[in-house]
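Student: any chance you could fold what I've pasted below:
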Amino acid sequence: MDMVAEPDKIKAVSRSSDWLADGGTMGARIRAFDWSNHPLGPLEAWPQSLKIAVRIMLTSRYAMWLGWGTEFYFFCNDAYLPTVGIKESWVLGASARQVWAEIWPDIGPRAETVVATGKATWDESLLLFLERSGYVEETYHTFSYSPISDDDGSTGGMLCVVTEDTERVIGERRLRLLRELAADLTQTNTEEEVCQVASRQLSSDDKDLPFALLYLFEANAETNGWQARLVCASATTPLDETIAPPVIELANAAALWPAQAVWREAEALTVADLAAQKVVPPMGPWQQPTRQALVIPLAQQGQEHPAGFLVAGLNPLRALDASYRGFISLLAGQITAALANARAYEAERRRVAALAEL
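Tutor: Residues are numbered from 1 along each chain as shown. Alright, predicted model coming up:
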């Protein structure tokens, strides 16, 4: 009799998870997960309302996660996996309190209010510090928590429908600085004015630029060599010689900011692990010290060596990706162009003055 009953048992188990069909990667994981020892119990024992909610979530291409019960047992669809990041392997069925432990003080009260009152929430571009990439990360999300009814009519859990706004919010912030810097630089005629504008504008975005330094190369008459001279810094930069030396001799290959390498190679360089180099950079708005800086040469058209370089302290809560590098390169490019125009203006002024003396 057991041999006859076994195929029927297999068919019953298969039918019990048919509602997970077309559920993508997460649907397959729910099928494969051993629920027998989980507080929710086996799939066939789940409330019909939970099955329907999970089915809706899994088959949507919009990023969603679902928390069920008082512990908010966690489910999500494939579209939400990038938000989970490195936690992907263990989040299924875990308490959302554990999954999002780092932001539960922010989102927990919202989730609990939804379950307690049955009323939905709404947040737009909310700043959340996620730990999904191996470090604390600045992220922004627009989302709604909605109640999910249990089979008895009470609220059994909540569904989150979310759009991540991180790239948009940060992109708009960076574009605003680029736009305002470009506008102000059009009003400059001298190197001093360029430096004043650069200092003011670079100070306006301490989220992306916790500190910034601008150095220009010049001949050193005493040594018959070259040196980099600090011409301006953002207001957030502590002006002590450990982080902002007024002069860097090119002969000093051990200098914190690699003036010699920039002069020779005219390529962007990353200075990592500032703390290990006994530098105490400013905390910035994040209350975390900057760990590294990007040094960008101010390339001169038709010249072998750059005019100088920009040192940009990096946001400790964002990765130095292509977008971040591109942003800082554009800043350096705008300053370079303004310096070139200022030098051309000064050369023309001198030429006119010389002609007037004839």
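
Student: only C-alpha atoms from now on, for both contacts and neighbour counts.
Tutor: Fine.

Student: what residues sit buried inside stretch 44-59?
Tutor: 49-51, 53-55, 57-59 (16 or more other CA atoms under 10 Å).

Student: so which of those residues are in helices?
Tutor: Mapping these onto helices (DSSP state H) picks out 49-51, 53-55, 57-58.

Student: want to try JSON lines for the residues you listed, with distance to Gly225 and pLDDT as columns?
Tutor: Output for these, formatted as JSON lines (distance: CA to CA, whole Å; pLDDT from 0 to 100):
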{"residue": "Ser49", "distance to Gly225": "77", "pLDDT": "96"}
{"residue": "Leu50", "distance to Gly225": "75", "pLDDT": "97"}
{"residue": "Lys51", "distance to Gly225": "75", "pLDDT": "96"}
{"residue": "Ala53", "distance to Gly225": "72", "pLDDT": "97"}
{"residue": "Val54", "distance to Gly225": "70", "pLDDT": "97"}
{"residue": "Arg55", "distance to Gly225": "71", "pLDDT": "96"}
{"residue": "Met57", "distance to Gly225": "67", "pLDDT": "97"}
{"residue": "Leu58", "distance to Gly225": "66", "pLDDT": "97"}
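
Student: got those as CSV, with distance to Thr186 columns?
Tutor: Below are these laid out as CSV (distance: CA to CA, whole Å):
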residue, distance to Thr186
Ser49, 62
Leu50, 61
Lys51, 61
Ala53, 57
Val54, 56
Arg55, 57
Met57, 52
Leu58, 53
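
Student: pick the one among these closest to Thr236.
Tutor: When those are ranked by distance to Thr236 (CA to CA), Met57 comes first, at 45.5 Å.

Student: what helix or strand is Thr163 on?
Tutor: Thr163 is part of strand 155-164 when elements are defined by DSSP states H and E.

Student: what residues of stretch 25-32 count as buried?
Tutor: Using 16+ other CA under 10 Å as the test for burial, stretch 25-32 gives 26-27, 30-31.

Student: now the angle between helix 48-58 and the strand holding Thr163, please.
Tutor: Angle of strand 155-164 versus helix 48-58, following axes from the mean of the first three to the mean of the last three CA atoms, to 10 degrees, is 10 degrees.

Student: in the longest helix along the chain, what counts as buried?
Tutor: With DSSP H applied, the helix covering the greatest number of residues in the chain is identified as helix 322-357. Within helix 322-357, the residues that count as buried by 16+ other CA under 10 Å are 324, 327-329, 331-342, 345.

Student: kindly report the same for stretch 186-199.
Tutor: If you call a residue buried by 16+ other CA under 10 Å, then stretch 186-199 has these buried ones: 188-191, 193-199.

Student: likewise for stretch 147-163?
Tutor: Neighbour count says stretch 147-163 has 147-150, 155-163 buried, by 16+ other CA under 10 Å.

Student: other residues contacting that stretch?
Tutor: For stretch 147-163, contacts defined as CA atoms under 8 Å, 6 or more residues apart in numbering pick out 47-50, 53, 62-70, 72, 111, 114-116, 118-120, 141-146.

Student: only alpha carbons, please: show that stretch as PDB.
Tutor: This file holds the C-alpha atoms of stretch 147-163, laid out as PDB (Å, rounded to 0.1, in the frame of the first residue of the first chain):
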ATOM      1  CA  PRO A 147      -1.200  45.600   4.700                       C
ATOM      2  CA  ILE A 148      -1.900  42.000   3.600                       C
ATOM      3  CA  SER A 149      -5.000  40.300   5.100                       C
ATOM      4  CA  ASP A 150      -4.800  36.900   6.600                       C
ATOM      5  CA  ASP A 151      -7.500  34.300   5.900                       C
ATOM      6  CA  ASP A 152      -9.400  35.300   9.000                       C
ATOM      7  CA  GLY A 153      -9.500  39.000   7.900                       C
ATOM      8  CA  SER A 154      -6.800  40.300  10.300                       C
ATOM      9  CA  THR A 155      -3.600  41.800   9.000                       C
ATOM     10  CA  GLY A 156      -1.100  39.000   8.500                       C
ATOM     11  CA  GLY A 157       1.800  40.900   7.000                       C
ATOM     12  CA  MET A 158       2.900  43.700   4.700                       C
ATOM     13  CA  LEU A 159       4.000  44.100   1.100                       C
ATOM     14  CA  CYS A 160       6.700  46.600   0.100                       C
ATOM     15  CA  VAL A 161       6.700  48.000  -3.400                       C
ATOM     16  CA  VAL A 162       9.900  50.000  -4.000                       C
ATOM     17  CA  THR A 163      11.800  52.000  -6.500                       C
END
